[in-house]
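Trainee: no sequence for this one, just the structure:
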């Protein structure tokens, strides 16, 4: 009986001590806990990856005659070609092509994203909501899907549960997102952090509609034609012939194998 009483007293003391530790020492252990679980900041990421990322990006910016960091950034995503084109501009200047990145993974097919769980990469004109330095896919940038157009079309269709959490991220796997690999996302994450995510435009197209129009996929909503006109209009500022890796020349004709870079 005495032994049992002693154990009860010890247990009570441990509870009291634990409570005191939690109340008094939270400022000591809580940051450590966050660090262990990966709570790095955007500044932490830029400090770690920024020097190498800038070193890789600056020659492209110098070739395009655009200051680094630029005033504005445009990210063009072409689903069919699995190509990500980066453009930028200086103050009041014309957009200039910086470089291409291969898209390593992007699930789904041509056509807009309609609902949660359809594994579709959305299509339209978007912006970056925020940067995620603690992504499970190394680093990521959140796209503001659903945007106003997506919500308006969903309302007219009577659709709910549109989904969300669409990211441009690292690694080489994706479900409804755009995966570019770790080195590419380190460059883009640093660039967006230093330019400001509010100054980034993201245009996602079913394919590069600048060389030819975009046919509405079979089974897509009737408003998809309006969406594709919006996407095509947004791409007018970015001439396809200026992209060194494009298969389309200045006349809108397919380049021959000798001129394709």
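Mentor: Here it is on my side, so go on. All of these numbers come straight from a predicted model, not from anything done at the bench. Numbers count the residues shown, from 1 in each chain.
Trainee: quick one: strands adjacent to the longest strand belonging to the chain?
Mentor: Determined from DSSP state E, the single longest strand within the chain is strand 124-132. Counting by DSSP bridges, the strands paired with strand 124-132 are strand 140-143 (antiparallel), strand 200-205 (antiparallel).
Trainee: moving C-terminal of the longest one, what's the next helix or strand?
Mentor: Of the helices and strands lying after strand 200-205 in sequence (DSSP states H and E), the nearest is helix 224-235.
Trainee: what does the shortest one give?
Mentor: Heading C-terminal from strand 140-143, the first helix or strand you meet, by DSSP H and E, is helix 148-157.
Trainee: give me the contact list for that next one.
Mentor: With contact meaning Cβ atoms under 8 Å, 6 or more residues apart in numbering, helix 148-157 is reached by 112-114, 122, 124-125, 146, 160, 162, 221, 223, 227, 230. Using the backbone N, CA and C atoms, a C-beta is placed for each residue, glycine as well.
Trainee: pLDDT averaged over that helix - what is it?
Mentor: For helix 148-157, the mean pLDDT works out to 96.
Trainee: let's have the contacts of helix 148-157 in a markdown table, adding neighbour count and distance to residue 105.
Mentor: A markdown table is the format used below for the contacts of helix 148-157 (neighbours: other Cβ atoms under 10 Å; distance: Cβ to Cβ, whole Å):
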| residue | neighbour count | distance to residue 105 |
| --- | --- | --- |
| 112 | 25 | 19 |
| 113 | 22 | 16 |
| 114 | 19 | 21 |
| 122 | 28 | 15 |
| 124 | 24 | 20 |
| 125 | 17 | 22 |
| 146 | 21 | 22 |
| 160 | 9 | 28 |
| 162 | 17 | 22 |
| 221 | 18 | 26 |
| 223 | 15 | 28 |
| 227 | 24 | 23 |
| 230 | 15 | 26 |
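Trainee: okay, now the unreliable bits of this structure?
Mentor: In the prediction, the chain carries residues with pLDDT under 70 at positions 1-38, 244-261.
Trainee: at 80 instead, please
Mentor: Applying pLDDT under 80 to the chain picks out residues 1-38, 92, 211-213, 244-261.
Trainee: the helices in it, which residues?
Mentor: For the chain, the helices defined by DSSP state H occupy 2-36, 42-64, 148-157, 182-195, 224-235.
Trainee: could you give the angle of the last one to strand 124-132?
Mentor: Calculated by axes from the mean of the first three to the mean of the last three Cα atoms, to 10 degrees, helix 224-235 forms an angle of 70 degrees with strand 124-132.
Trainee: tell me which residues in helix 224-235 are buried?
Mentor: Within helix 224-235, the residues scored as buried using 16 or more other Cβ atoms under 10 Å are 224, 227, 228, 231, 234, 235.
Trainee: could you redo the residues you listed as JSON lines and give each row distance to residue 200?
Mentor: Compiled in JSON lines, the buried residues of helix 224-235 are given as follows (distance: Cβ to Cβ, whole Å):
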{"residue": "224", "distance to residue 200": "25"}
{"residue": "227", "distance to residue 200": "20"}
{"residue": "228", "distance to residue 200": "22"}
{"residue": "231", "distance to residue 200": "17"}
{"residue": "234", "distance to residue 200": "13"}
{"residue": "235", "distance to residue 200": "16"}
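Trainee: out of these, who's nearest residue 52?
Mentor: residue 235 (31.1 Å; Cβ to Cβ).
Trainee: now do the same contact list for that closest one.
Mentor: Residue 235 touches 76, 203, 205, 209, 210, counting by Cβ under 8 Å, 6+ apart.
Trainee: measure the last one to residue 229 for me?
Mentor: By that I understand residue 210. Remark: distance between residue 210 and residue 229 (Cβ to Cβ, to the nearest Å) = 13 Å.
Trainee: can you check the second one too?
Mentor: In this structure, residue 203 and residue 229 are 13 Å apart, going by Cβ to Cβ.
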